[in-house]
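Asker: What follows is a predicted protein model with its sequence.
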Amino acid sequence: MPKVFYTQADGSEKVIDGVAGDSVMQTAVRNGVIGIVGQCGGVLSCATCHVFLAESDMDKFSGPSEDEDDMLDCAATDREETSRLSCQLTLQDGVDLHCTIPKLQL
């Protein structure tokens, strides 16, 4: 079972046991993680699930698609090298993830 470590902008952390096949966004919304809105429900038409993925976890995923890359430009918080939309990050068995939630999503 994958674990997702969600760190808030203030440094507080919430650890959630996820389900392989679910997205980081679905896991957050289902478990009441503050700061991940997922307004579009994960169909890549908003940027309200923006996260900063830990550098050590970047190689666990392929790079962002062109659509994700475009949506990241619309995020409320400026994007960084490790910015991803959490709806595009699918959990895998035995793979734990660490991400930081930006201060602003809307």
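Answerer: That came in fine, so what should we check first?

Asker: Now the residue lying closest to Ser65 once chain neighbours are set aside: phi and psi?
Answerer: Closest residue in space to Ser65, ignoring its immediate chain neighbours: Gln88 at 7.3 Å, by CB to CB, 6 or more residues apart in numbering. For the C-beta atoms, the positions are set from N, CA and C on the backbone; glycine is no exception. Dihedral pair for Gln88: phi -100, psi 0, per degrees, to the nearest 10.

Asker: Equivalent analysis for Ser23, please.
Answerer: Torsion angles, degrees, to the nearest 10, at Ser23: phi -90, psi 160.

Asker: So what's the residue count around the residue nearest to it when sequence neighbours are not counted?
Answerer: With CB to CB, 6+ apart as the criterion, Ser23 has its nearest non-adjacent residue at 5.1 Å, and that residue is Cys87. Residues lying near Cys87 (other CB atoms under 10 Å) number 28.

Asker: ditto for Leu91
Answerer: Neighbours of Leu91 (other CB under 10 Å): 21.

Asker: SS state for the closest residue to Val43 other than its chain neighbours?
Answerer: Distances taken as CB to CB, 6+ apart put Cys87 closest to Val43, at 7.7 Å, once the chain neighbours are dropped. Recorded secondary structure, Cys87: helix (DSSP: H, G, I helix; E, B strand; the rest coil).

Asker: so Cys87 sits right up against Leu44, yeah?
Answerer: Yes - counting by CB atoms under 8 Å, Cys87 sits close enough to Leu44 to count as a contact (6.6 Å).

Asker: which SS class is Glu68?
Answerer: What three-state DSSP gives for Glu68 is helix.

Asker: Give me the pLDDT value at it.
Answerer: The per-residue pLDDT reported for Glu68 equals 97.

Asker: again with the one 4 residues further on
Answerer: Per-residue confidence (pLDDT) for Leu72: 97.

Asker: so it makes contact with Ala47?
Answerer: Yes - counting by CB under 8 Å, Leu72 touches Ala47, with 6.3 Å between them.
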